[in-house]
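**Q** Generate coordinates for the sequence data below:
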Amino acid sequence: MIEILKTTNPVRLHFLKAMLEEADLHPLLVEASAYPGVLASRLLVPDDEEVLARRVIDEAEKAAGGG
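**A** Prediction:
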């Protein structure tokens, strides 16, 4: 598994996880705290999905005005 995102923004994290799942990828969310936004959480994908996952994230963030 490869970390493709680390953030304290739970909205961004869950939005991008949903985008990856919609693209038939297999993201894993590793939450660092029971209190969202306190500690950074991570989004991981299998090694062989890294390139496509990064492309999906880039496109999703551009479409949302964040990139």
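
**Q** Give me the nearest residue to V56, chain neighbours excluded.
**A** Using Cβ to Cβ, 6 or more residues apart in numbering and skipping the chain neighbours, the partner closest in space to V56 is A23 (4.8 Å). (C-beta placed from N, C-alpha, C; glycine too.)

**Q** The one you found - how many residues pack around it?
**A** 16 (other Cβ atoms under 10 Å).

**Q** you'd agree it is up against E59?
**A** No. The pair formed by A23 and E59 falls short of the contact definition of Cβ atoms under 8 Å, at 9.5 Å.

**Q** So, low pLDDT: which residues of this structure?
**A** Applying pLDDT under 70 to the chain flags residues 36, 66-67.

**Q** can you pull out the helices in it?
**A** Listed in chain order, the helices of the chain (DSSP state H) span residues 10-22, 50-63.

**Q** can you put those in CSV and add distance to S41 and mean neighbour count?
**A** CSV is the format used below for the helices of the chain (distance: least, Cβ to Cβ, whole Å; neighbours: other Cβ atoms under 10 Å):
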stretch, distance to S41, mean neighbour count
helix 10-22, 6, 16
helix 50-63, 15, 15
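
**Q** how much space between E61 and D48?
**A** When Cβ to Cβ, to the nearest Å is the yardstick, E61 and D48 sit 22 Å from each other.

**Q** returning to that earlier point: of all the helices of the chain, which lies closest to L39?
**A** Proximity of those to L39 was assessed by Cβ to Cβ; the nearest stretch is helix 10-22, lying at 11.0 Å.

**Q** on contacts alone, who are the packing partners of the closest one?
**A** For helix 10-22, the packing partners by 3 or more Cβ pairs under 8 Å, 6 or more residues apart in numbering; DSSP states H and E come out as strand 2-7, strand 28-30, strand 41-45, helix 50-63.

**Q** Hmm, L20 is touching V56, no?
**A** Yes. The pair L20 and V56 qualifies as a contact (Cβ under 8 Å) at a distance of 5.8 Å.
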